[in-house]
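Engineer: Would you be able to build a 3D model of this:
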Amino acid sequence: DIKPANILLADDARPMLLDFNLSDAAAVNGWESLTIGGTLPYMAPEHLAAVQSGGRVDTRADIYSLGVILFELVAGRRPFPDRQVAGDDAIELAIRDRQAGPPHIGQFNPAAPASIAKLIEKCLSPDPQRRYATADALAEDLTRHLDNLPLLHAANPSLRERAAKWRRRHPRLSSAGAVGALGSVLALLFAGLWFSRAERLANLEARDHYAQFQQQLPVARLALSLPESDRTLLSDGIGAVSDIARLYLPAEDSNLSGTPMFERLGGEQQRELRGQLAELRYLQSRAERILAQGETGSEAREECLRDALLFNESAAALLDYDSYAIAEQRSELAGLLSGGQREQAPRPKDMPETPLEHYLLAQQKLAAHDYQNAVALLEKLRSKHPTDPVVWLLLGNALGGLERAVEADAALSAAAALEPRSYVALLNRGLCRMQQGRQSDAVADFDVVLAMRPGLLCGLLNRAVAHEAARDYALAEADLNAAIATGAAPPRALLLRSRVRKALGDTTGAKADREAALAATPVDELGWLARGETRLPDDPEAALADFLETLKRYPSSVGALQNIVYVAADRLDRPAEALEALTELLELEPHSASALVGRAVLRARQQQTEPALEDLSVAMRESRDPTVLFQAACVYSLLSASDPGRLTNALAMLEQAVERDPRLLLRATTDPDLERLRKSERYAKFLQTYRQIGKLKLDLRKTVLGDIPKKNASHQASSAPAADTPDRIGLPE
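Structural biologist: Numbers count the residues shown, from 1 in each chain. Now for the predicted structure:
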């Protein structure tokens, strides 16, 4: 959606295009969407035609939109009139105006260079074939004009302008005595070139080496930037980062002095390169530390930690200042290696305000689940570095942690668009869309990921989960079969396939998979959680043991704490343990509305009125999510034992929850925390009214659309939660 309103300037005056495909959506949403923000005046004729009759447009429509902006910049007005009509008439007139071609820009600005007039005219050609084929070609011609060179892709109609450009490029050669001096200069140059040829070639090689490093750097950074990753992703990332770091540094070394490829760079390039290599070493160190958590043997675990410490020391040595983030990482590793208590690294009084330090601190905040402070840091970085895909990736994950799913999706989309060579942002966007219940969109993202990285285990497993959630069990089983056939799939893949086979009616295969998975030792955080959840229906004590083991291996595991809360509170009736786990969870995520309202429910069950209401008040300020509202109804229903007037609050919360998610009505009919509310007359009236409204909606739909086809009914069923989904207090299902 290219128009002036969507072009923002960052703090360093760098222009940034915010394009969320709104003009593409206009082809579906029609005239009304075009009037918002002034999109229509900047649209190409074929784009306007697509609004009327459908169809797709390509990048040349964007070239046209940019041409309108360039015309406006040079002429002080847009090329075509704004018609004071609406609907199809406006679109017809706009198409007719554009088919006639733009007016000559010289009539509005006689000082406009002839080549620029031709450049803009080419952008605004009614025929897409006659426009610039790519934005790169347009950028090249604009750059050539600024460098006083003739245009390459558009006409240069003015001989006077071309001569003026030549004179500006060669001011000395156009002087009187230039020709004689030129001969002497050429002779000297010929001799000098002979002697400096080797030196120049070495410098060119160093610059080419540096350019190669910079070209590979974004993909390598994306590969390891997230603090919690699948083991396959970590292995891929370590390989990618090692390959690029090896361009300048062997193994864990940090000594750049004496390296010809480094010494021949300029001072600014050397400083930049040191910071970039330090960041890569930091990421390698963190990846090794995460891998160590999954190792079952003490020797393998210690080896990973020692490698992590070597990478950390290399990162510190590369910088010419003391990095707090790197010192914090070193303190953590030293504590893990010694088995003792971790000591807080001393924070320098004057911490350098470098982008690298802010990157590393933002990553640490994200790893510590301090999402609010992570977002604050990352938004500052985004303003200064709007085209850095790593900033957008980290921001998307931090926003996801705050349950701001729409913003998270947009940030991850930006990361994917800024670095299309990497699959990491698309993989995370797929996970984000799964959490939103957008299973088909998630599958589409995972399809692209697997096309870019065939056989990626976490891609296959997550696509299988998305297929399962959409009730496409056969497709889910196919993905799980492919993952297991690699021989590297974790035991939880068998648990997933067991569940899918059960849904397909293959009880024998489901049982075999389940038994094999339970007999194996999990290899990662998700594996321990999956085994615990599988044991939960029949053996809650064994399930709790798995969740506690997860927490021991992964102290920041939110999933482990959530499951401990559920098992202790709802299966084993040990509220004190559940309350302790919730408090620990809130230390990790102090702004988690689901954890706050979960603790409010626990306290309400024990009739701790004031603490329960205090937790509930904070949770409601953080989120009005349907599940949070439902749990708020539970709190008020439980507390109505001492104050019946709170049933009014309970019903109000339940009405809001069901309005946002009608599926919660079924849950309300069985939830034991709502027992007091269900016994009230007001609940009976609410239930009757809601059922009548539902019947009216169904009748209206049948009247307008006819009988609901079976396909729609199947689609609706696919979005409902699975029947055996545990009802966890205050936590996502």
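
Engineer: So what's the residue count around residue 104?
Structural biologist: Residue 104: 11 surrounding residues under other C-beta atoms under 10 Å. For every residue, glycine as well, the C-beta is placed using N, CA and C.

Engineer: show me where pLDDT drops low in the chain?
Structural biologist: For the chain, residues meeting the criterion pLDDT under 70 lie at 10-13, 19-38, 83-88, 172-198, 229, 251-254, 258, 340-353, 694-733.

Engineer: Map the structural domains onto the sequence of it.
Structural biologist: Listed domain ranges for the chain are 4-169, 200-339, 518-718 (source: automatic domain parsing).

Engineer: Need these in JSON lines (columns: distance to residue 462).
Structural biologist: Formatted as JSON lines, the domains of the chain follow (distance: least, C-beta to C-beta, whole Å):
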{"stretch": "domain 4-169", "distance to residue 462": "24"}
{"stretch": "domain 200-339", "distance to residue 462": "9"}
{"stretch": "domain 518-718", "distance to residue 462": "10"}
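
Engineer: who wins for proximity to residue 407 among those domains?
Structural biologist: Of all those, it is domain 4-169 that lies closest to residue 407, at 11.4 Å by C-beta to C-beta.

Engineer: need the contact list for the residue most central in space within the chain.
Structural biologist: Nearest to the geometric centre of the chain sits residue 412, at 2.4 Å (C-alpha atoms, centre = their mean). With contact taken as C-beta atoms under 8 Å, 6 or more residues apart in numbering, residue 412 is in contact with 392-393, 396-397, 425-426, 428-429, 432.

Engineer: so after the strand or helix carrying it, what's the next helix or strand?
Structural biologist: Residue 412 belongs to helix 405-418 when assigned by DSSP states H and E. Next helix or strand after helix 405-418 toward the C-terminus (DSSP H and E): helix 424-435.

Engineer: Alpha carbons of that following helix, as CSV, please.
Structural biologist: Taking Å, rounded to 0.1, in the frame of the first residue of the first chain, the C-alpha atoms of helix 424-435 are listed here in CSV:
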residue,chain,number,x,y,z
VAL,A,424,13.1,-18.9,11.0
ALA,A,425,10.6,-16.0,10.9
LEU,A,426,8.1,-18.0,8.9
LEU,A,427,8.4,-20.9,11.3
ASN,A,428,7.7,-18.6,14.2
ARG,A,429,4.8,-16.9,12.4
GLY,A,430,3.3,-20.4,11.8
LEU,A,431,3.5,-21.1,15.6
CYS,A,432,1.9,-17.7,16.3
ARG,A,433,-0.9,-18.4,13.9
MET,A,434,-1.5,-21.9,15.4
GLN,A,435,-1.9,-20.2,18.8
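
Engineer: Going by neighbour count, list what's buried in that helix.
Structural biologist: Across helix 424-435, burial judged by 16 or more other C-beta atoms under 10 Å covers 424-434.

Engineer: For the protein, which segments count as strands?
Structural biologist: For the chain, the strands defined by DSSP state E cover 7-9, 15-17.

Engineer: Dump those strands to TSV, plus mean neighbour count and distance to residue 125.
Structural biologist: Shown next, in TSV, are the strands of the chain (neighbours: other C-beta atoms under 10 Å; distance: least, C-beta to C-beta, whole Å):
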stretch	mean neighbour count	distance to residue 125
strand 7-9	12	23
strand 15-17	12	22
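
Engineer: among the ones you listed, which is nearest residue 681?
Structural biologist: Nearest to residue 681, of the strands of the chain and by C-beta to C-beta, is strand 7-9 at 55.7 Å.

Engineer: any residues touching the closest one, and which ones?
Structural biologist: Under C-beta under 8 Å, 6+ apart, the answer for strand 7-9 is 15-18, 69.

Engineer: For residue 338, state which of those residues is nearest.
Structural biologist: residue 16 (46.6 Å).

Engineer: gap between that closest one and residue 406?
Structural biologist: 20 Å (C-beta to C-beta, to the nearest Å).

Engineer: one step back: same list as before, the strands of the chain that is, but in a markdown table and with distance to residue 259 included.
Structural biologist: Shown next, in a markdown table, are the strands of the chain (distance: least, C-beta to C-beta, whole Å):
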| stretch | distance to residue 259 |
| --- | --- |
| strand 7-9 | 38 |
| strand 15-17 | 36 |
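
Engineer: Minimum distance to residue 362: which of these has it?
Structural biologist: Residue 362 sits nearest to strand 15-17 of all these, at 19.3 Å, using C-beta to C-beta.

Engineer: Quickly run through the sheet partners of that closest one, with directions.
Structural biologist: strand 7-9 (antiparallel) (DSSP bridges).
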